[in-house]
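> Okay, predicted coordinates and the sequence, questions at the end:
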Amino acid sequence: MLLIHRLLSADDETALAEVDVRPDSLFAQPEGVPAWVGLEYMAQAVAAWAGARAQRAGRKPRLGFLLGTRRFEVKTPLFAHGSTLQVHVRCELMADNGLGQFDCQIHESGRLLCQAKVSVFEPEDAGEVLGGAR
């Protein structure tokens, strides 16, 4: 499930992605996309950041897991059809064991729509974490 449309920038600490909200978007309702979907937009922007980081280091991206969120605050119930959302993520912590925390915000035309702290896990060997599944 790919929900973000563009990765505009990514450096060692931050990434900026965009989402085009359309009537045919996954999770769309007649009046827009529910703001709770913003958590997945944030998680996918974090994944894009991790993939760009891996690419810069000359390695393949790894499977990552969304562990949870804290302080998920929304200022709108829906993302309006026709809007373009800017998803900003900033790495606050990325430990050697793969645990990370990100400060995330979603804006539309400069207006803050939602924000959260997102916790992730990017293990060295996801197959081992999944009990041998590949």
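The structure has been received and is ready for your questions. Numbering: from 1, shown residues only.
> Render the CA-only coordinates of the longest helix along the chain in PDB, please.
Looking across the chain with DSSP state H, the single longest helix is helix 38-56. This file holds the C-alpha atoms of helix 38-56, laid out as PDB (Å, rounded to 0.1, in the frame of the first residue of the first chain):
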ATOM      1  CA  GLY A  38      -2.300  10.900   8.400                       C
ATOM      2  CA  LEU A  39      -0.600   8.400  10.800                       C
ATOM      3  CA  GLU A  40       0.100   6.100   7.800                       C
ATOM      4  CA  TYR A  41       1.200   9.100   5.700                       C
ATOM      5  CA  MET A  42       3.700   9.900   8.400                       C
ATOM      6  CA  ALA A  43       4.900   6.200   8.700                       C
ATOM      7  CA  GLN A  44       5.400   6.000   4.900                       C
ATOM      8  CA  ALA A  45       7.400   9.300   4.900                       C
ATOM      9  CA  VAL A  46       9.600   7.800   7.600                       C
ATOM     10  CA  ALA A  47      10.000   4.700   5.500                       C
ATOM     11  CA  ALA A  48      11.000   6.900   2.500                       C
ATOM     12  CA  TRP A  49      13.500   8.700   4.700                       C
ATOM     13  CA  ALA A  50      15.000   5.300   5.800                       C
ATOM     14  CA  GLY A  51      15.200   4.100   2.200                       C
ATOM     15  CA  ALA A  52      17.000   7.300   1.100                       C
ATOM     16  CA  ARG A  53      19.400   7.000   4.000                       C
ATOM     17  CA  ALA A  54      20.100   3.300   3.100                       C
ATOM     18  CA  GLN A  55      20.700   4.300  -0.500                       C
ATOM     19  CA  ARG A  56      23.200   7.000   0.500                       C
END
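> For the following helix or strand past it, name the packing helices and strands.
Downstream of helix 38-56, the next assigned helix or strand under DSSP states H and E is strand 65-74. The contact analysis (3 or more Cβ pairs under 8 Å, 6 or more residues apart in numbering; DSSP states H and E) places strand 65-74 against helix 38-56, strand 111-121. In this view, the C-beta of every residue, glycine as well, is placed from N, C-alpha and C.
> C-alpha coordinates for strand 65-74, CSV please?
Presented in CSV, the C-alpha positions along strand 65-74 are these (Å, rounded to 0.1, in the frame of the first residue of the first chain):
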residue,chain,number,x,y,z
PHE,A,65,7.8,-1.7,11.5
LEU,A,66,5.5,1.1,12.9
LEU,A,67,5.5,0.4,16.6
GLY,A,68,3.2,3.2,17.7
THR,A,69,2.5,6.8,18.1
ARG,A,70,2.3,9.4,20.9
ARG,A,71,0.6,12.8,21.0
PHE,A,72,-1.3,12.3,17.7
GLU,A,73,-3.1,15.6,17.4
VAL,A,74,-5.4,16.6,14.6
